[in-house]
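any chance you can model this:
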Amino acid sequence: MAIKSRITVHKITPPKGSDIDFGAELRGADLDNITELDFDIIRRALYENQVLIFKNQQNLSPKAQYELTRLFDPAVTSYGHGATLDAKKSILHPDLKTIPHQPQVQVIGNGPIADYEGLENITLKHPHHKTFHKHPIDPASDRDHTRFYRWHIDAALYGLHPPLVTTLLAVQVPQTSPQTLHYDDGTGDELQVSRGSTAFVSSYRTYDLLSAEDQLFARTTKVQYAPHPYIWMSRAKSRSDGLGLISEGLETPHAELPRIEEGKIQVLPMCWRNPVTGRLALQVHPSAPEKLILADGTVVEDLEAVRGMVHRVQRPGIAPHLVLALEWEEGDLAVFNNHGVLHTVTGSFEQGEVRVFRQCNLAGSEGPLGP
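Numbers count the residues shown, from 1 in each chain. Presented below is the predicted three-dimensional model:
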């Protein structure tokens, strides 16, 4: 008699007015005891749906979260951002705390925490767009209105391959009112989101939306990322839609960065291929590119031009009807395809609103599949 898995896959029902074609909830999984058959189902579901939700995972240990993450790329063990987290000038430094007994897992959230997984008397800080955007929302409107903070992929983009997946567990979620999210880019686009929702868009859908000419451009162009990108961009400011930076000459000069090793500079294809479906994703971290290398070998070095070209092809993919904004409940575990979606935090919290999440991603054992 054939052994069957108890795991079932249920597509996420898009909210009214939405046209998302990704996301699924997986039921019946025992994530502390994953069989080979279970993982085959989970892996296929991930690459077919890009974002998976497992409910009621409050008791999942950091070790089990790490082991689940590692199943997608068993050859790796190190945190996906490497030493980037420890660089004081990095824009990532204030947002993450490392679990001492499981250093591949980070704690993120908001508010004071007396004791959690070996961390004592820490204060978590939810990223707020006012620290990163050139033109933030009026503080008087901050309680009811928000922005996409920074669309990104989870990757060091220097010296380490991008992680295949990220796992994100909602440990403690404050119950608060929703917010109106504004793009503030002249389009009038806006979106209703739960406070602190994590927004996702499918980079496969973004590629499919392009004209044939732009698809050819995307398939044949390579992106050269800045060395030590999160220090390089630390003084620059974002567009109001959170999709890339404004060019004002505020990037940290190479001479002021930590020592640059030329072999660690990342040059990646603009399109990454799904290992299960074969679909192409337009997968670029919109804030980190420094140069573009075109099909004929031409190198676009003008930073404003580079950013304009990337924004032009990515912006259609973050239209409101294409955004999956997760409304978190305590115990939700999200597993997402870091090679096929962009994501961003949203929202703001007030003093006394405590939020605790655990995040894990592991540097890839090899680079992404190109077109």
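
tell me the SS of Thr167?
In three-state terms, and counting by DSSP: H, G, I helix; E, B strand; the rest coil, Thr167 is strand.

that one is in contact with Ala64, isn't it?
No - if you go by Cβ atoms under 8 Å, Thr167 and Ala64 don't touch, sitting 10.0 Å apart. Any C-beta I mention is one placed from the backbone N, CA and C, and that applies to glycine too.

okay, those two: which has more neighbours?
Thr167 (25 against 16; other Cβ atoms under 10 Å).

contacting residues for the more buried one?
Counting by Cβ atoms under 8 Å, 6 or more residues apart in numbering, Thr167 touches Gln65, Leu68, Thr69, Leu333, Ala334, Val335, Gln359, Cys360, Asn361.

below-threshold pLDDT in the chain: ranges please.
Per-residue confidence for the chain (pLDDT under 70) gives these ranges: 1-2, 80-95.

show me where the protein has helices.
Taking DSSP state H as the test, the helices found in the chain are 36-49, 62-71, 203-209, 212-220, 229-232, 303-314.

what residues sit buried inside the longest one?
When burial is assessed from 16 or more other Cβ atoms under 10 Å, helix 36-49 yields the following buried residues: Asp38, Phe39, Ile41, Ile42, Arg43, Ala45, Leu46, Tyr47, Glu48, Asn49.

likewise for the last one?
Under the neighbour-count criterion of 16+ other Cβ under 10 Å, helix 303-314 has Leu303, Val306, Arg307, Met309, Val310, His311, Val313, Gln314 buried.

between those residues, which sits nearest Thr187?
Of all the buried residues of helix 303-314, Thr187 sits closest to His311, with 12.9 Å by Cβ to Cβ.

list the contacts for the closest residue to the closest one other than its chain neighbours?
For His311, ignoring the flanking residues on the chain, the nearest one in space by Cβ to Cβ, 6 or more residues apart in numbering is Gly244 at 4.9 Å. Neighbouring residues of Gly244 by Cβ under 8 Å, 6+ apart: Trp151, Ser238, Pro286, Ser287, Arg307, Val310, His311, Gln314.

would you turn those into JSON lines with distance to His129?
Converted to JSON lines, those look like this (distance: Cβ to Cβ, whole Å):
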{"residue": "Trp151", "distance to His129": "12"}
{"residue": "Ser238", "distance to His129": "8"}
{"residue": "Pro286", "distance to His129": "15"}
{"residue": "Ser287", "distance to His129": "13"}
{"residue": "Arg307", "distance to His129": "18"}
{"residue": "Val310", "distance to His129": "20"}
{"residue": "His311", "distance to His129": "17"}
{"residue": "Gln314", "distance to His129": "18"}
